[in-house]
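Undergrad: Fold the following and give me the result.
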Amino acid sequence: MALQRLNHTSITYFFVMDGANFETPSLLLAESIRSAMGGYPDIVAYTPNSKLGAINDVTRKMMEILNVDIRGFDDQLVKRSPKYPHGNKILASRERRETELSVFLDTDVVCLGSPDFSVITQNTPLFATPEGVPTWGRDEQDWVPVYEMFGLEIPDWRVRLIKGRRRVVLPYFNAGVVGFVEKGNPAGMRFPDVWFDTATKIDANPLIGGKRPWLDQISLPVAAARMGGRVEVLSEFHNFSPYRLNSQAKLNDVRLFHYRMPAFYRKYDECKRNTERLLARAPVALRSRVRRRLGVFLRGIQLPEELL
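TA: I've put the predicted structure just below:
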């Protein structure tokens with residue numbers, strides 16, 4: 001049966017804005033998406049239902065200006081003992097969106113150029129970039145009982161990690177950028193639901209050790225294997241770390257920059273320009289309050305006079 005053709009401009013970028021500390025990087029992320037891609041992608045900021053009322057009014061206004069939809073979700077499952085806040089991305093992924101493709105982004109990511117997902121088909125269960133280092137499962141035998149839980153053999157293909165020695169390992173991806181087909185595969189299986197089921201079962205298995213905080217990444221390739229189809233391995237430029245860069249380096253080829261901390265963000269001109277664009281987008285009456293919200297992201301940065 002021929003696969004349904006996807007409209008690759010029908011895409012939602014979404015992230016989890018879980019509390020005050022995540023509001024400022026969420027604004028910078030939303031600004032970067034709008035600046036790189038204009039109005040065509042949908043952007044959704046998910047916030048736990050219990051925290052929707054606590055969102056700062058400056059954040060709400062700027063998200064409205066950026067045409068970002070703020071939606072709530074039930075995060076009770078990640079509050080169970082022991083708590084697992086990384087699980088919020090899996091729960092947010094399970095929420096339904098109206099576009100054909102969805103891409104989850106950590107809030108410490110900025111978009112520096114329009115990503116190319118044109119190779120994605122309805123039969124692509126997952127598209128993501130390999131992890132930098134093997135944070136879990138250094139020995140392939142560690143993976144055997146994980147796949148066996150679901151009646152699967154370990155995969156016959158490998159990925160090359162993107163840092164250090166760039167080791168070739170069993171499929172292992174960084175969960176800071178996770179893409180999938182929103183409606184699911186031809187069999188009707190939706191990736192976020194399989195990811196959730198896989199993660200909860202691995203988490204409950206006492207024979208699988210050392211899985212926190214890597215549960216989201218351990219379960220990613222296993223969920224994809226359960227779905228079938230071909231995983232699309234994205235280049236490092238779709239989830240790029242500042243690991244080997246210095247402040248003078250250029251990010252010309254990078255599409256999604258995973259800066260990880262404000263100190264790294266502040267080093268690069270591309271990121272500084274993103275901050276300036278956010279301030280320029282703010283109404284004059286609101287600009288001083290946006291500057292205060294930016295806090296550490298502005299430390300040591302000289303802004304143009306018109307943005308002061």
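
Undergrad: For residue 142, which non-adjacent residue is closest in space?
TA: In space, and not counting its chain neighbours, residue 142 is closest to residue 136: 7.3 Å by C-beta to C-beta, 6 or more residues apart in numbering. Backbone N, C-alpha and C define where each C-beta goes, glycine included.

Undergrad: any idea of the pLDDT on the one you found?
TA: pLDDT recorded at residue 136 is 95.

Undergrad: What residues does it make contact with?
TA: Neighbour list for residue 136: 142, 172, 210-211, 214, 217-218 [criterion: C-beta atoms under 8 Å, 6 or more residues apart in numbering].

Undergrad: Apply 10 Å and report the result again.
TA: 142-143, 146, 172, 208-215, 217-218 (C-beta atoms under 10 Å, 6 or more residues apart in numbering).

Undergrad: Over to residue 119?
TA: 8, 127, 230, 232, 234 are the contacts of residue 119 under C-beta under 10 Å, 6+ apart.

Undergrad: Those: which two are farthest apart?
TA: 8 and 230 (16.5 Å; C-beta to C-beta).

Undergrad: Am I right that residue 31 is in a strand?
TA: No: secondary structure of residue 31 (DSSP: H, G, I helix; E, B strand; the rest coil): helix, not part of a strand.

Undergrad: Would you confirm that it contacts residue 66?
TA: Yes: between residue 31 and residue 66 a contact is recorded at 6.4 Å, counting by C-beta atoms under 10 Å.

Undergrad: picking up where we left off before, pipe the contacts of residue 136 into CSV and attach pLDDT and neighbour count per row.
TA: Putting the contacts of residue 136 into CSV (pLDDT from 0 to 100; neighbours: other C-beta atoms under 10 Å) gives the following:
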residue, pLDDT, neighbour count
142, 96, 16
143, 97, 22
146, 98, 24
172, 98, 24
208, 95, 18
209, 93, 9
210, 92, 11
211, 92, 19
212, 90, 13
213, 91, 13
214, 95, 17
215, 95, 21
217, 97, 22
218, 98, 25
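
Undergrad: And the furthest pair within these?
TA: Greatest spacing in the contacts of residue 136, by C-beta to C-beta: 143 and 213 (17.8 Å).

Undergrad: Compare residue 31 and residue 66 (neighbour count), which wins?
TA: Neighbours per residue, other C-beta atoms under 10 Å: of residue 31 and residue 66, the larger number sits with residue 31, 25 against 19.

Undergrad: And the closest residue to that one other than its chain neighbours, which helix or strand is it part of?
TA: The shortest distance from residue 31 to any non-neighbouring residue, by C-beta to C-beta, 6+ apart, is to residue 278 (4.2 Å). Under the criterion of DSSP states H and E, residue 278 resides in helix 269-281.

Undergrad: could you say what helices and strands that helix packs with?
TA: Under the contact criterion of 3 or more C-beta pairs under 10 Å, 6 or more residues apart in numbering; DSSP states H and E, helix 269-281 touches helix 23-37, helix 57-65, strand 109-111, strand 256-258, helix 262-265, helix 284-294.

Undergrad: Just put those in CSV and tack on mean pLDDT and distance to residue 241.
TA: Converted to CSV, these look like this (pLDDT from 0 to 100; distance: least, C-beta to C-beta, whole Å):
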stretch, mean pLDDT, distance to residue 241
helix 23-37, 98, 16
helix 57-65, 98, 27
strand 109-111, 98, 10
strand 256-258, 96, 5
helix 262-265, 94, 9
helix 284-294, 96, 23
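
Undergrad: Switch these over to CSV; also include distance to residue 150.
TA: CSV is the format used below for the helices and strands packed on helix 269-281 (distance: least, C-beta to C-beta, whole Å):
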stretch, distance to residue 150
helix 23-37, 33
helix 57-65, 39
strand 109-111, 30
strand 256-258, 29
helix 262-265, 37
helix 284-294, 44
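
Undergrad: residue boundaries of the strands in the stretch 1-150 of the chain?
TA: Secondary structure of the stretch 1-150 of the chain (DSSP state E, counting those that start in this stretch): strands located at 11-16, 42-48, 69-73, 101-105, 109-111, 127-130.

Undergrad: mind checking which of these is nearest residue 260?
TA: Minimum separation from residue 260 across those (C-beta to C-beta) falls at strand 109-111, 9.1 Å.

Undergrad: and residue 159, how far is that from residue 123?
TA: Counting by C-beta to C-beta, to the nearest Å, the gap from residue 159 to residue 123 is 19 Å.

Undergrad: These two: which is more packed in?
TA: Between residue 159 and residue 123, counted using other C-beta under 10 Å, residue 159 has the larger neighbour count: 20 against 15.

Undergrad: All good on my end, thank you.
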